[in-house]
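I'll drop the sequence and a predicted model, then ask my questions.
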Amino acid sequence: VTAVPDVAQFSFSVITEGGTNISALQKENTKKVNQAIEFIKGEGVDAKDIRTQNYNVSPRHEYSRCFRGPCPPPKIVGYTVAQNVLIKVRGLEKAGELIGGVVEHGANSVSELSFTIDKPEQVENEARAQAIEEAKEKAEVMAKAGDFKIGKLVSIQEGGISPIFPLRKSFMIPEAVQAGGDFEPPTIEPGSQEVTVNVTLQYEIK
């Protein structure tokens with residue numbers, strides 16, 4: 001069964017670099033992340049579909065040229081604060097707009113764009129029913145060709161299901177956009193995904 005994904009996921013990050021005033025960097029970073037999240041919520045994304053994945057504060061070092069020891073330890077010249085948020089979009093028509101919007105509201109990195117099916121069990125059940133029906137038809141054709149009749153259905157065995165893996169795409173935010181330039185929202189094309197169910201039917205032969 002071929003199905004079109006109906007859910008998109010992507011993550012955005014706000015990366016803030018500066019001097020040694022960690023508190024100021026954290027405030028600046030948090031302000032931009034909150035602006036992006038408020039935009040996402042304002043576009044109808046439920047709070048349960050917004051999840052902070054990572055928050056990191058890391059030092060940036062300056063190393064001295066040292067030709068003869070002992071060498072001085074590296075000096076901390078500033079810090080980088082990075083925060084990463086995962087967004088689930090139910091309704092692909094808004095995905096491109098949301099990606100463009102978070103960039104306009106402070107995000108300077110967008111990645112991990114993927115597409116999946118919200119309720120894969122429905123697609124699996126459809127494929128399973130189709131597989132059983134095709135197996136029944138095949139059994140009848142074989143019985144006719146072999147000049148016998150099929151009797152009671154003894155068992156149904158399921159040989160496996162090809163899972164629905166997220167389809168992933170990636171794109172880069174141009175440096176001009178990171179510096180505050182315009183960003184054209186990407187056109188989102190989710191494509192399609194196939195689910196295969198294998199079944200084996202066992203019949204009595206009359």
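Happy to help now that I have it.

end-to-end on stretch 140-159?
With CA to CA, to the nearest Å as the measure, stretch 140-159 spans 21 Å from end to end.

what average pLDDT does the host helix or strand of Val102 get?
Val102 belongs to helix 95-104 when assigned by DSSP states H and E. Mean per-residue pLDDT for helix 95-104: 89.

which helix or strand in this protein has the lowest average pLDDT?
Counting by mean pLDDT, DSSP states H and E, the chain has its least confident helix or strand at helix 175-178, which shows a mean of 47.

buried residues in the longest helix seen in the chain?
Longest helix of the chain, by residue count under DSSP state H: helix 120-145. In terms of neighbour count (16 or more other CB atoms under 10 Å), helix 120-145 has its buried residues at 123-124, 127-128, 131-132, 135, 143. C-betas here are computed from N, CA, C, even on glycine.

and if you look at stretch 100-115?
By neighbour count on 16+ other CB under 10 Å, the buried set for stretch 100-115 is 100-103, 105-110, 112-115.

can I get that stretch in CSV? Just the C-alpha atoms.
Extracted C-alpha coordinates of stretch 100-115, given in CSV (Å, rounded to 0.1, in the frame of the first residue of the first chain):
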residue,chain,number,x,y,z
GLY,A,100,10.8,30.1,7.2
GLY,A,101,9.1,31.7,10.2
VAL,A,102,11.4,30.3,12.9
VAL,A,103,14.3,31.7,10.9
GLU,A,104,12.7,35.1,10.8
HIS,A,105,12.1,34.9,14.5
GLY,A,106,15.6,34.1,15.6
ALA,A,107,16.6,30.6,14.6
ASN,A,108,20.0,30.4,12.8
SER,A,109,20.0,26.6,12.1
VAL,A,110,17.3,24.3,10.8
SER,A,111,17.8,20.6,10.2
GLU,A,112,16.5,17.0,10.5
LEU,A,113,13.5,17.6,8.3
SER,A,114,11.6,14.3,8.0
PHE,A,115,8.2,13.0,6.9
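
right, and Val199 touches Ile161 too?
No - between Val199 and Ile161 there is no contact under CB atoms under 8 Å: 10.1 Å.

between those two, tell me which one has more neighbours.
Taking neighbours as other CB atoms under 10 Å, Val199 and Ile161 compare with Val199 leading, 19 against 16.

now that one. Nearest residue, chain neighbours left out?
Of all residues not flanking Val199 in the chain, Ala131 sits nearest, at 4.6 Å (CB to CB, 6 or more residues apart in numbering).

does that neighbour touch Val195 like I think?
No - at 10.4 Å, Ala131 and Val195 do not qualify as touching, with contact defined as CB under 8 Å.

which SS state does the residue lying farthest from the centre of the chain fall under?
For the chain, the residue at maximal distance from the C-alpha centroid (CA atoms, centre = their mean) is Asp147, at 52.8 Å. Using DSSP: H, G, I helix; E, B strand; the rest coil, the structure places Asp147 in coil.

for it, report the pLDDT, please.
pLDDT, Asp147: 92.

same check, this time on Ala47
pLDDT, Ala47: 93.

contacting residues around it?
Lys41 (CB atoms under 8 Å, 6 or more residues apart in numbering).
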